[in-house]
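Undergrad: show me the folded form of this:
(chains A and B)
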Amino acid sequence: MEWIRESVDSIKSIQLRPTLSQAVNLGLILTSALIIWKGLICITGSESPVVVVLSESMEPGFQRGDILFLHMSKDPLRAGEIIVFNVDGHDIPIVHRVIKVHERQDTGEVYILTKGDNNDDDDRVLYAQGQRWLQRHHVMGRAVGFLPYVGWMTIIMTEKPIIKYIIIGALGLLVITSKD
Amino acid sequence: MHSFGYRANALLTFAVTILALMCAMASFSDNLNHPSPSSSVQVLNVNWFQKQPNGNDEVSLTLNISADLQSLFTWNTKQVFVFLAAEYETSKNSLNQISLWDGIIASKEHAKFWTHTSNKYRFIDQGSNLRGKEFNLTLHWHVMPKTGKMFADKLVMSGYRLPKEYR
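TA: I've put the predicted structure just below:
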């Protein structure tokens, strides 16, 4: 109760200058987070340098909720690499292993087939209608490292958006009412 | 300065930093491991070798794959994914890699193994170039850690050849 009265008091007593400087601080925090994210995109060469594993198709290696670090280099794609790709028309990235590679002599263009370790069939059923192979431009990155369990926050926030709103609301309230 | 909020925040930040440091050290310790794996593969039988209606060659093989991958395991290893790929060159493709068989090794005890199997995945060419074709069988492995960097390597076994005629 006391805490609520203090918060209401502190909102009532807001003056212009300290509030503006707090808003600038908040802006600085958000933009430095954005700079770090964009910097990671540049360094790793991948549009999405960190992804969360969403399905059980790579178990027992990768479980739901693990996060993967991606890197995209100019090295040719080879069998055995774990790649993250987007199928045309779908925006959820898929993390599977390359099982077949055919690289053309003349153009160097590569045709690959992928499969999840825990799936019985290869990924042809997931590709677009009539598509039998993936090519380099479908691939967003190779998985080079991973951290277990850390991605659960993202899964919870995506599947139960109400939690996302509660957290953002609470954080907003904290920023406004803190005296720093 | 001494409220519950400040203390909880400081504790949480410290805990997360230490955890991240431990994960990094665990991953780094994998670099100190120098593995010495070995493997051998025999093609026991060419079951059949046909040209499909769409013009692509397909062959079915029975293989005996034996390997000792125990030295790859460290305390930070969750599993080793191993697969055998046939690799060959044609006039159209500078490189073809076809995975014939794969398996997951969950612990060091299972890392010394042999298996007698036909190819798990279909050996199909892009085209009709497989008659008399010389190919390598490469055993690839992918060490997946409990946390951190993943390592992959391979062992190339060469000198295999497909029959000159369909059968």
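Undergrad: give me the contact list for whichever helix or strand A:Leu113 is part of.
TA: Assigned by DSSP states H and E, A:Leu113 falls within strand A:110-115. For strand A:110-115, contacts defined as Cβ atoms under 8 Å, 6 or more residues apart in numbering or on different chains pick out A:76-77, A:83, A:85, A:94, A:96-104, A:121-124, A:132-136, B:126. For the C-beta atoms, the positions are set from N, CA and C on the backbone; glycine is no exception.
Undergrad: of those residues, just the buried ones, PyMOL syntax please.
TA: In PyMOL syntax, the buried subset of the contacts of strand A:110-115 is picked out as below (16 or more other Cβ atoms under 10 Å in any protein chain shown):
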select buried, (chain A and resi 77+83+85+94+96+97+98+99+100+101+102+103+122+123+133+134) or (chain B and resi 126)
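Undergrad: for B:Gln42, which non-adjacent residue is spatially closest?
TA: Ranked by Cβ to Cβ, 6 or more residues apart in numbering or on different chains and with sequence neighbours excluded, the top spatial neighbour of B:Gln42 is B:Asn64, at 4.6 Å.
Undergrad: for the one you found, which residues make a bridge with it?
TA: For B:Asn64, the beta-bridge partners are B:Gln42, B:His116 (DSSP bridges).
Undergrad: number of nearby residues for it?
TA: 14 (other Cβ atoms under 10 Å in any protein chain shown).
Undergrad: hmm, it is touching B:Val41, no?
TA: Yes: with contacts counted by Cβ atoms under 8 Å, B:Asn64 reaches B:Val41, the gap being 6.9 Å.
Undergrad: show me the strands in the chain, by range?
TA: Going with chain A. According to DSSP state E, chain A carries its strands in the segments A:50-52, A:67-71, A:82-85, A:94-104, A:110-115, A:139-147.
Undergrad: my question was about chain B, not that one.
TA: Remark: strands assigned in chain B by DSSP E are B:38-51, B:57-68, B:77-88, B:93-105, B:112-118, B:123-124, B:134-145, B:148-149, B:151-161.
Undergrad: wait, which of the ones you listed is closest to A:Gly27?
TA: Set against A:Gly27 and scored by Cβ to Cβ, the strands of chain B come closest in strand B:148-149, at 34.6 Å.
Undergrad: give me the contact list for that closest one.
TA: By Cβ under 8 Å, 6+ apart, strand B:148-149 touches A:144-147, B:23-24, B:26-28, B:30, B:76.
Undergrad: looking at the residues you listed, which is nearest B:Ile104?
TA: For these, the nearest to B:Ile104 is A:Phe146 (16.0 Å; Cβ to Cβ).
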